[in-house]
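In: Structure, please.
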Amino acid sequence: MAKNPQPKLLIVLLPILLLSVIRSCSAAGGVAIYWGQNGNEGTLSETCATGKYTYVSIAFLNKFGNGQTPELNLAGHCNPASKGC
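Out: You can find the predicted model right below:
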């Protein structure tokens, strides 16, 4: 019987979500940017290091729920199928 990876994913993502909410409540007026499938915005490290953004939204979780193994699709940056993320 296969183990369900979703509880582990929730354990990792829940603290991040809580910190995001706390941070957003204390830092009004910050600039946000979407970082994900384009690849033209440079690496995540480069984007964060610019100092231009208070928030960097990372996307795209394209498979989740219904017992599926969650899959992150950052086309243009890495290949999750080859565990390159």
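In: Which stretches in the chain count as strands?
Out: 32-35, 55-58, 61-63, 71-72 (DSSP state E).
In: Partner strands of the shortest one, with direction?
Out: In its sheet, strand 71-72 lies beside strand 61-63 (antiparallel), with partners assigned from DSSP bridges.
In: neighbouring contacts of the partner strand?
Out: 69-73 (C-beta atoms under 8 Å, 6 or more residues apart in numbering). Placement of C-beta: from N, CA and C, glycine included.
In: hmm, 7 Å instead?
Out: With C-beta atoms under 7 Å, 6 or more residues apart in numbering as the test, strand 61-63 has contacts from 70-73.
In: returning to that earlier point: same list, the strands of the chain, but as TSV with mean neighbour count please.
Out: Formatted as TSV, these follow (neighbours: other C-beta atoms under 10 Å):
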stretch	mean neighbour count
strand 32-35	15
strand 55-58	14
strand 61-63	13
strand 71-72	14
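In: List just the nearest of the contacts of strand 61-63 to Thr47.
Out: Nearest to Thr47 among those is Leu72, at 16.5 Å by C-beta to C-beta.
In: From Gly42, how far off is that closest one?
Out: Distance, Leu72 to Gly42, using C-beta to C-beta, to the nearest Å: 18 Å.
In: And Gly29, by the same measure?
Out: 24 Å.
In: out of the strands of the chain, nearest to Leu18?
Out: For Leu18, the closest of those is strand 55-58, at 14.9 Å, according to C-beta to C-beta.
In: which regions of the protein sit below the pLDDT cut-off?
Out: 1-7, 9-10, 21-28, 37-41, 79-81, 83-85 (pLDDT under 70).
In: For it, which segments are assigned as helices?
Out: 6-26, 44-49 (DSSP state H).
In: for the shortest one, packing partners?
Out: The criterion is 3 or more C-beta pairs under 7 Å, 6 or more residues apart in numbering; DSSP states H and E, and the helices and strands that helix 44-49 contacts are strand 32-35.
In: Sheet-wise, list the partners of the strand it packs on with their directions.
Out: strand 55-58 (parallel).
In: Any chance you could list what contacts the partner strand?
Out: 30, 32-36, 47-48.
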